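Undergrad: kindly generate the corresponding structure for this input.
(chains A, B, C and D)
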Number of protein chains: 2
Amino acid sequence: MHKQEAIKKLKDHNYKLTPQRELILDIMLNQQGYLSVREVYERVKEVFPQVSIDTVYRNLSLLKDINILNETTIGNNIMYVMRKEIHNHTMRCLKCGKIFELDICPLELWINQIKDFEIVDHKIEIVGYCKDCRSNKN
Amino acid sequence: MHKQEAIKKLKDHNYKLTPQRELILDIMLNQQGYLSVREVYERVKEVFPQVSIDTVYRNLSLLKDINILNETTIGNNIMYVMRKEIHNHTMRCLKCGKIFELDICPLELWINQIKDFEIVDHKIEIVGYCKDCRSNKN
DNA sequence: TATTAAATAAGAAATATTTCTTAATTAAGA
DNA sequence: TCTTAATTAAGAAATATTTCTTATTTAATA
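TA: Just a heads-up that it's a prediction; the model follows:
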């Protein structure tokens, strides 16, 4: 997603483009992988030291509501990542052969933790049985 | 890792095998993917309603110290998973060709969330540049 | 520029997680 | 069985996360 698309989405929903909101969007646009609310907050504070963490919560949640971000919860921690447009991650059914897209990239939660390797690409392939076939494998 | 191996490790470190500790070990042995401290606590409580959450924290951390569990932190949430012996997840350097094992499976954090698909197998392949080659790609 | 609905900061409140203290209990070996 | 160091439950304390309230400010449009 490009910044202009995201801004258009905001306008379409009659949301204003405040400096804090724009910065949060920039942070997410320039980020591979998930960020916790706190991590985003820390980065926003570098530019707006007075920013309220509530502002960060509100904006991340809003960006999720209009499908700019994906949200996930680990324990009690809310985390966000830019929505993917291209899905390289699929689940293939061993019986019917249907391909299901994973709307999350499991690697994204980890990608920031890999320090000693410059990742160029990755691929995830899951095989198994889909909802329809799992009860009727023969 | 089999249960007897884990128990031997405990003995080797002069740790006692209390019922609470054994249950926590059983829970982790029968679990694909990461569990948060709270999730483990909820399961232990089904058997020992009086258990202190501190006991869960203490034991999970101890099992990590003796290399039975892997620990990771998401935000402020501590999560645990059994250590893997067989690594299906590798990073391959595009220059020197070395294979590096990933000591975590990024899928494990997600595997519990996939409800409509019965996973039989999966594979993760990451390509890029290793520490030595990233500064000297030609 | 003036208007106004949306967004903000500040602070408090509500939850949740993690750690600590203490006294009682217990697993394991003598 | 006895001894003892390890472990536990309980409760409090410390920290961290998330949500709410209110008064003020501001982006966008007329």
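Undergrad: scan chain A for its longest helix.
TA: Scanning chain A for the helix with the most residues, using DSSP state H, yields helix A:53-65.
Undergrad: is that one positioned near chain B?
TA: No. Helix A:53-65 lies apart from chain B when judged by CB under 8 Å from any CB of the partner chain; the minimum separation is 13.2 Å. Using the backbone N, CA and C atoms, a C-beta is placed for each residue, glycine as well.
Undergrad: next one: that helix to chain centre, how far?
TA: 13 Å (CA atoms, centre = their mean, to the nearest Å).
Undergrad: elements contacting that helix?
TA: Here helix A:53-65 is seen to pack against helix A:19-29, helix A:37-47, strand A:69-74, strand A:77-82 when contacts are counted using 3 or more CB pairs under 8 Å, 6 or more residues apart in numbering or on different chains; DSSP states H and E.
Undergrad: tell me the buried residues in that helix?
TA: For helix A:53-65, the neighbour count (16 or more other CB atoms under 10 Å in any protein chain shown) marks A:T55, A:V56, A:N59, A:L60, A:L62, A:L63, A:K64 as buried.
Undergrad: that helix vs helix A:37-47, what angle?
TA: Comparing the axes of helix A:53-65 and helix A:37-47 via axes from the mean of the first three to the mean of the last three CA atoms, to 10 degrees yields an angle of 120 degrees.
Undergrad: contact partners of helix A:53-65?
TA: Taking CB atoms under 8 Å, 6 or more residues apart in numbering or on different chains as the criterion, the residues outside helix A:53-65 that touch it are A:6, A:15, A:20-21, A:24-25, A:28, A:37-38, A:40-41, A:44, A:69-71, A:78, A:80.
Undergrad: domain parsing of chain A, as residue ranges.
TA: According to the domain assignment given by automatic domain parsing, chain A is divided into the following structural domains: A:3-82, A:89-128.
Undergrad: still on that earlier bit, quickly, which of the helices and strands packed on helix A:53-65 bottoms out on average pLDDT?
TA: Comparing mean pLDDT across the helices and strands packed on helix A:53-65, the lowest value falls on strand A:69-74: a mean of 81.
Undergrad: by how many degrees do that one and helix A:19-29 diverge?
TA: Using the same axes, to 10 degrees, strand A:69-74 lies at 80 degrees relative to helix A:19-29.
Undergrad: strand A:69-74 near chain B at all?
TA: Yes. Residues of strand A:69-74 contacting chain B under CB under 8 Å from any CB: A:I74.
Undergrad: which elements pack onto that strand?
TA: Contact partners of strand A:69-74 among helices and strands, from 3+ CB pairs under 8 Å, 6+ apart: helix A:53-65, strand A:77-82.
Undergrad: residues of that strand that come out buried?
TA: A:L69, A:N70, A:T72, A:I74.
Undergrad: returning to what we had before: and the longest helix of chain A with strand A:77-82, angle?
TA: Counting by the same axes, to 10 degrees, helix A:53-65 points 50 degrees away from the direction of strand A:77-82.
Undergrad: helix A:53-65 - what's its average pLDDT?
TA: Helix A:53-65 shows an average pLDDT of 96 in the prediction.
Undergrad: partners of the top strand by length along chain A, with directions?
TA: Within chain A, and with DSSP state E defining each element, the longest strand by residue count is strand A:117-130. When pairs are called by DSSP bridges, strand A:117-130 turns out to pair with strand A:89-93 (parallel), strand B:117-130 (antiparallel).
Undergrad: mind exporting the C-alpha coordinates of it to CSV?
TA: Presented in CSV, the C-alpha positions along strand A:117-130 are these (Å, rounded to 0.1, in the frame of the first residue of the first chain):
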residue,chain,number,x,y,z
PHE,A,117,20.8,-12.2,8.2
GLU,A,118,19.6,-9.9,5.5
ILE,A,119,16.4,-11.4,4.2
VAL,A,120,15.7,-11.1,0.5
ASP,A,121,12.7,-13.4,0.2
HIS,A,122,10.9,-16.1,1.9
LYS,A,123,8.2,-18.6,1.2
ILE,A,124,5.8,-20.6,3.4
GLU,A,125,4.0,-23.7,2.3
ILE,A,126,1.5,-25.4,4.5
VAL,A,127,-0.1,-28.7,3.4
GLY,A,128,-3.0,-30.5,5.1
TYR,A,129,-6.7,-30.9,4.9
CYS,A,130,-9.2,-28.1,4.5
